[in-house]
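Visitor: Any chance you can model this:
(2 chains, ligands or ions: 3)
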Amino acid sequence: MSELLERALKGEEIAIAKLLTKIEYVDPEGMKALEYLAERSGSAHVVGITGIPGAGKSTIIGALIDEYVRRNHRVGVVMIDPSSPFTKGSFMGNRIRMQDRSTLDNVFIRSLASRGHLGGVSAEALMLIEALDGLGYDRIIVETVGAGQTDTEVVSSVHTIAVLTVPGTGDEIQALKAGIMEIGDFYVINKADKPEAEASYISTKFAIDSAEVNFRDGWKPIVAKTVATKGEGIKELVDMFEEHRSFLESKGIFRQRIVDRRVKMVELIVRRNIDQVLQKAVEENKKDILMIPLLKSVEKIQGDLIAKIGRAH
Amino acid sequence: MSLEKRIKVVVAKLGLDGHDRGAKVIARALKDAGMEVVYTGLRQTPEQIVKAAVQEDADVIGISILSGAHLELIPHITKLMKENQLNDVVLVVGGVIPPQDIQTLKDMGVDQVFMPGSNLKEISEFIKQAVAKKRGQKVERAS
Ligand code: B12
Ligand SMILES: Nc1nc2c(ncn2[C@@H]2O[C@H](COP(=O)(O)OP(=O)(O)O)[C@@H](O)[C@H]2O)c(=O)[nH]1
Ligand SMILES: [Mg+2]
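Guide: Numbers count the residues shown, from 1 in each chain, chains lettered A, B, ... in the order given. Ligands and ions are numbered 1, 2, ... in the order given. From the prediction side, this is the model:
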């Protein structure tokens, strides 16, 4: 076991932070540590918070941290923001809403750039979840970019999904159209201090009640109201999250989701590795692509890709 | 198969200071220069800023301060950085800083100070080079 991993297991934050970086960047030491941690992980309840920008995801995560800490949990948080496809840079502003939660003992907050991954969760995100779980954080919250079809990827990776909607924005309708009304275990009408909240609550509830679908896992989604800025409705929400956790455990789904998450993680790591090789193969064949027929180009690059991958072993 | 680490910067407003335009301009400029920028927002204590840098495993801490309290507050940052073993983290400070204070700040452990009107490209180039140096990489000339 590396010294860094040993220190991380003792809870030393700087070591945890550096280890997570090594894992994020698939450094060999990081991957070895991840392998070790994955053997110890599997008990954390992973909650995904999703919804359009400005819905209050980061704010509600701050409030959820407080409630979990009050209940003596160790809380890990991963907040994902988009990377620019052009510069690869990223502006990550979710910490603004965290106030001084990161100075609490037993709370570890990490921002993560999406780095070109389009879905709600990237290989990096899944690796960080796995690592935090293995390091003993027993409640893990994930904030994902936006909401839409791509977020369906979150479904296989977290235990509980809360979709935040904002009153008066017609969000519910949009959400229905985008298919995210099918992914939530919870629909949280945040900003319930706004007068439009009641109407939103009613229409969302109606949408759920009248939905003629077989709900995922047989869990009928719960519609809740919160005022994240004041911490209102948070205790109740955490109670219901815990209820959902028990429900998943009783049906054996809690464990299944962790298996699914690992399968997804492995798939995403491999896909990203192949993608790197592919980009190289394309780059090397750039000149030829213009000179030889289309199908020949495809065959050539495919051949190169397979050869390169073969050589890597 | 390990990937090249992108530069991660924590940009923060230190102390009771509501001037956030400069900090946001800097955060955006560093993002455009390809860095991953964590902006922690207004009215941050030294403890909050250093804690964020620890958990994010930041390469750089960028402080924006226009309140005039820099000589008072920056020593808290450098002290906490030492206590938390952030010895390889670059520390840059920008904002309304009188020229005569620059050397004092550098003596405290600040790597560079940027005053109003600083060129954004120069700032990002400085950061890239300082990070490369601390990582022990060869320093490339700006193109
Ligand atoms: C705009 C402004 C305001 C706006 C702020 C709006 C906002 N949301 O930011 C408002 C009107 C709200 C305001 C209020 C006040 N202001 Co005022 N304000 C200014 C002003 C005119 C411009 C600041 C600005 O935005 N510049 C544009 C940005 C892009 O420049 P910048 O912040 O300097 O950033 C550049 C560099 O400094 C550097 N940089 C800055 N941060 C960082 C960080 C990093 C990491 C790096 C690498 C570089 C870097 O790079 C940037 C690009 O070149 C300055 C005067 C001045 N010329 O600086 C006074 C000034 C800062 N304000 C001042 C004062 C006194 C006040 C008030 C107390 C006034 C009052 N009595 O009410 C209040 C306090 C507000 C508060 N809560 O703190 C004084 C401060 C005096 C001092 N430090 O000794 C100044 C200097 C005016 C003066 N000459 O007296 N202000
Ligand atoms: N009125 C009101 N505003 C809120 C509430 N929750 C969050 N906000 C505000 O909504 C804005 C966006 O919040 P943020 O958490 O950053 O949203 P995110 O983009 O979904 O992470 C901020 O200005 C918050 O203060 C709430 O319950 N009521
Ligand atoms: Mg957010």
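Visitor: make it CA atoms for all contacts and neighbour counts henceforth
Guide: Fine.
Visitor: What values do phi and psi take at residue 93?
Guide: Just so you know, I chose chain A. phi -110, psi 10 (degrees, to the nearest 10).
Visitor: if you could check chain B rather than the one you did, that'd help
Guide: For B:V93, the backbone dihedrals are phi -130, psi 140 (criterion: degrees, to the nearest 10).
Visitor: Can you get me a residue count around it?
Guide: 24 (other C-alpha atoms under 10 Å in any protein chain shown).
Visitor: so it makes contact with B:M108?
Guide: No. Contact criterion C-alpha atoms under 8 Å: B:V93 and B:M108 do not qualify, at 11.7 Å.
Visitor: what stretches of the chain score poorly on pLDDT?
Guide: Going with chain A. A:117-120, A:146-154, A:169-181, A:312-313 (pLDDT under 70).
Visitor: Can you look at chain B instead?
Guide: If you take pLDDT under 70 as the line, chain B has these spans: B:1-2, B:138-143.
Visitor: what's near enough to touch A:G89?
Guide: Going by C-alpha atoms under 8 Å, 6 or more residues apart in numbering or on different chains, A:G89 touches A:S83, B:L30, B:K31, B:D32, B:A33, B:G34, B:M35, B:E36, B:V37.
Visitor: Break chain A into its domains for me.
Guide: Following automatic domain parsing, one gets these domains for chain A: A:41-251, A:264-312.
Visitor: what about the spatially most central residue of chain B, which SS state?
Guide: The centroid of chain B falls nearest to B:G62 when counting by C-alpha atoms, centre = their mean (1.8 Å). Under DSSP: H, G, I helix; E, B strand; the rest coil, B:G62 falls in the strand class.
Visitor: which residue ranges form the helices in chain B?
Guide: Taking DSSP state H to define them, one finds helices in chain B at B:21-32, B:46-56, B:70-83, B:102-108, B:120-134.
Visitor: Run a quick neighbour tally on the residue in the stretch 151-300 of chain A that chain B sits nearest to.
Guide: Ranked by C-alpha to the nearest C-alpha, the top residue of the stretch 151-300 of chain A for proximity to chain B is A:N273, at 7.0 Å. Neighbours of A:N273 under the rule other C-alpha under 10 Å: 16.
Visitor: Kindly report the same for A:G136.
Guide: 22.
Visitor: for it, phi and psi?
Guide: Per-residue torsions, A:G136: phi 100, psi 10 (degrees, to the nearest 10).
Visitor: separation between it and chain B?
Guide: From A:G136 across to chain B, the span is 16 Å (C-alpha to the nearest C-alpha, to the nearest Å).
Visitor: re earlier: so how far is the helix or strand where the residue of the stretch 151-300 of chain A closest to chain B lies from its chain's centroid?
Guide: Following DSSP states H and E, one finds A:N273 within helix A:253-284. Distance of helix A:253-284 from the chain centroid (C-alpha atoms, centre = their mean, to the nearest Å) equals 15 Å.
Visitor: List phi and psi for the residue in chain A that chain B sits nearest to.
Guide: With distances taken as C-alpha to the nearest C-alpha, chain A approaches chain B most closely at A:G89, which sits 3.8 Å away. Main-chain torsions, A:G89, degrees, to the nearest 10: phi -80, psi 170.
Visitor: returning to that earlier point: now the element after the helix holding A:N273, going C-ward?
Guide: helix A:286-291.
Visitor: Would you mind identifying the next helix or strand past that next one?
Guide: helix A:294-311.
Visitor: Run the angle between that next one and helix A:253-284 for me.
Guide: Relative orientation of helix A:294-311 versus helix A:253-284 (axes from the mean of the first three to the mean of the last three C-alpha atoms, to 10 degrees): 120 degrees.
Visitor: Any buried residues in helix A:294-311, and which?
Guide: Using 16 or more other C-alpha atoms under 10 Å in any protein chain shown as the test for burial, helix A:294-311 gives A:S297, A:K300, A:I301, A:D304, A:L305, A:I306, A:K308.
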